[in-house]
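>>> build me a model from this:
(chains A and B)
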Amino acid sequence: MKTLFHINIRTPLIALLLIIATGFVARAQDSRIQLASLDHLAAKANQTVDVAIDERLIRIAAKVFSDEKTDEKEIKQLLTGLKGIYVKSFEFETEGQYAAADLESIRSQLRGPGWSRMVGVNSKKEGNLEVYLLLNGETIGGLAVLHSDDKELTVVNIVGPVDLQKLAKLEGQLGIPDLEIEPAKPKTKNDEK
Amino acid sequence: MKTFIAIILLVVAPTFVHAKNDDFNAVVKMIEQFYGVKHVGIPFLAKAGMKVATTAARIKGGQARRIAEAGSIKLAVFEDQEFNGDFMKFRTSLNGALNTTWMPVIQTISSGDGEQVYIYLREAGQKFHALVITIAQRDATVVQVTLSEKNLALLLKDPEGTGKSITEEATINDQE
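Take a look at the predicted model:
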């Protein structure tokens, strides 16, 4: 009887715990987008860069940045709390080497719950820049940058809370390409008139 | 049932240990088989090992600094041979062989000049092993080194640059 009681109580309890745990895992992985659909482009590309740095490696990397120098301190703060940095970048010799479907395979993920496209973010580089943020309530859960032009396609996915205003500081660090991102300027009173 | 599990463990365990401990040699063999090339023999490697003792790498800023932990370098060199082959197939094979025990950090393929660079990491107690595979049109190197946490951080800050420095450290004789 005791055993039966234990089975009766334990089974739904374990099931409940599993459901809760699965929910947490799913939430933690939400802002990581799948980039493998782009892998086939490497065969056509002149230059391919593929970067994957997970949370543990980010924590180690943060140690190399100084607490003394303002710039490095900002990068260090920016890295704190990040769970992953993933980059895929392709440069092509000629135009038309990637299809709209390749972009769509990324954009379709960024239409998922929580993701929203940032407006007013520009790049000094030629081409089309799209920046998406994953918002978990008031906090930022992740970021995706999609830069495309006739001969280039780059996707940067940062998992974790990332300050968009400081994102530009990460460019050129940890394998993140220099996209020359210019964050949207805060609105002034004149803009509102 | 227990006997069955014991048999499975006996079969699987040595394979796993072999794969983890011998990935360096496995990668060298993979390059040889895939491209039909041969790495330079043991006498040269012994010589290279001696060179390594006095080697320093030049990293950004022109500072001479040793990246690899002393005595930790494994090196295989392929010289003046043809590296013609489908790099996508090679990359898939390489990742398939290493991804269970190593973390791929950065992989760059430049089809224009035929250069491929792969950097993998794995934990080694308090330190880390880095495996840097560089394949150019006529030469290739496979370098495995042990890194301190500090030097791993350098590698992560600038994966491509530090990866090159690790290869240089293993192959270039310091003139100082």
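>>> use CA for all of it now, contacts and neighbours both
Will do.
>>> these two touch, right, B:L154 and B:E160?
No: counting by Cα atoms under 8 Å, B:L154 stays clear of B:E160, with 10.6 Å between them.
>>> buried set for stretch B:79-94?
Under the neighbour-count criterion of 16 or more other Cα atoms under 10 Å in any protein chain shown, stretch B:79-94 has B:Q81, B:F83, B:F87, B:L94 buried.
>>> what strand or helix carries the second one?
No secondary structure element spans B:F83, as it lies outside all helices and strands (assigned by DSSP states H and E).
>>> that older thread, higher neighbour count, B:L154 and B:E160?
Shown here are B:L154 and B:E160; by other Cα atoms under 10 Å in any protein chain shown, B:L154 has more neighbours (24 against 20).
>>> contact partners for that one?
Neighbouring residues of B:L154 by Cα atoms under 8 Å, 6 or more residues apart in numbering or on different chains: A:A61, A:V64, B:T162.
>>> which one of those is nearest to A:Q173?
A:A61 (9.9 Å; Cα to Cα).
>>> from the buried residues of stretch B:79-94, which are also near chain A?
B:F87 (Cα under 8 Å from any Cα of the partner chain).
>>> so which of the buried residues of stretch B:79-94 belong to helices?
Cross-referencing those against helices under DSSP state H gives B:F87, B:L94.
>>> quick one on the thing from earlier: looking at the contacts of B:L154, state which has the most neighbours.
Within the contacts of B:L154, neighbour counts (other Cα under 10 Å) peak at A:A61, which reaches 25 neighbours.
>>> name the element it belongs to?
Taking DSSP H and E as the definition, A:A61 sits inside helix A:55-62.
>>> that helix vs chain B: in contact?
Yes: with Cα under 8 Å from any Cα as the criterion, chain B is reached by helix A:55-62 at A:L57, A:I58, A:I60, A:A61, A:A62.
>>> number of residues surrounding A:T154?
A:T154 has 20 nearby residues by other Cα under 10 Å.
>>> show me what it is bridged to.
On the basis of DSSP bridges, A:T154 takes part in beta bridges with A:S89, A:H147.
>>> can you pull the contacts of it?
By Cα under 8 Å, 6+ apart, the contact set of A:T154 is A:V87, A:K88, A:S89, A:F90, A:V145, A:L146, A:H147, A:S148.
>>> excluding residues flanking it in the chain, which one is nearest residue 133?
I'll assume chain A. Computed as Cα to Cα, 6 or more residues apart in numbering or on different chains, the closest residue to A:L133 that is not its neighbour in sequence is A:L143, at 4.6 Å.
>>> look at chain B instead
Nearest non-adjacent residue to B:I133 (Cα to Cα, 6+ apart): B:V142, at 4.6 Å.
>>> what lines up beside the helix or strand where the one you found lies in the sheet?
Taking DSSP H and E as the definition, B:V142 sits inside strand B:140-147. Strand B:140-147 has the following strand partners under DSSP bridges: strand B:74-78 (antiparallel), strand B:127-135 (antiparallel).
>>> what does the last one rub up against?
With contacts defined as Cα under 8 Å, 6+ apart, strand B:127-135 is touched by B:24, B:83, B:114-123, B:140-149, B:152, B:163, B:166-167.
>>> who in chain B is up against chain A?
Counting by Cα under 8 Å from any Cα, the positions of chain B adjacent to chain A are B:87-88, B:104-112, B:149-150, B:152-154, B:156-160.
>>> how's chain A carved up into domains?
Listed by automatic domain parsing, the domain ranges of chain A are A:1-30, A:33-184.
>>> centre of the chain to the last one, how far?
In other words, domain A:33-184. 6 Å (Cα atoms, centre = their mean, to the nearest Å).
>>> avg pLDDT for it?
Domain A:33-184 carries an average pLDDT of 88.
>>> please, where are all the helices along chain B?
Using DSSP H, helices in chain B cover B:2-21, B:23-35, B:42-52, B:87-98, B:149-157, B:159-171.
>>> what's the answer for chain A, then?
Under DSSP H, chain A gives helices at A:2-29, A:55-62, A:70-79, A:100-110, A:164-170, A:189-192.
>>> returning to that earlier point: surely the residue nearest to B:I133 meets B:L75?
Yes: contact criterion Cα under 8 Å: B:V142 and B:L75 qualify, at 5.7 Å.
>>> near chain B, which residues of chain A? Just list them.
Counting by Cα under 8 Å from any Cα, the residues of chain A lying close to chain B are A:42-43, A:45-53, A:57-58, A:60-64, A:173-175.
>>> least confident secondary structure element in chain B?
strand B:57-59 (a mean of 37; mean pLDDT, DSSP states H and E).
>>> circling back: so which of the residues of helix A:55-62 next to chain B wins on neighbours?
Counting neighbours by other Cα under 10 Å, A:A61 leads the residues of helix A:55-62 next to chain B with 25 neighbours.
>>> got a pLDDT number for B:N173?
B:N173 is assigned a pLDDT of 45 by the prediction.
>>> wait, I meant A:K187
Confidence score, pLDDT, at A:K187: 52.
>>> mind checking how far A:N122 is from A:L179?
Distance, A:N122 to A:L179, using Cα to Cα, to the nearest Å: 10 Å.
>>> for B:N84, that is, sorry about that
As judged by Cα to Cα, B:N84 and A:L179 stand 33 Å apart.
>>> try B:M30
Counting by Cα to Cα - B:M30 and A:L179 are separated by 36 Å.
>>> between these two, who's got more neighbours?
Applying other Cα under 10 Å to B:M30 and A:L179 shows that A:L179 carries more neighbours, namely 20 against 17.
>>> is it true that that one touches A:K125?
Yes: here A:L179 reaches A:K125: they are 6.6 Å apart, a contact under Cα under 8 Å.
>>> how many neighbours does the nearest residue to A:R56 once chain neighbours are set aside have?
Nearest non-adjacent residue to A:R56, counting by Cα to Cα, 6+ apart: A:K83, 7.9 Å away. Number of residues near A:K83 (other Cα under 10 Å) recorded here: 23.
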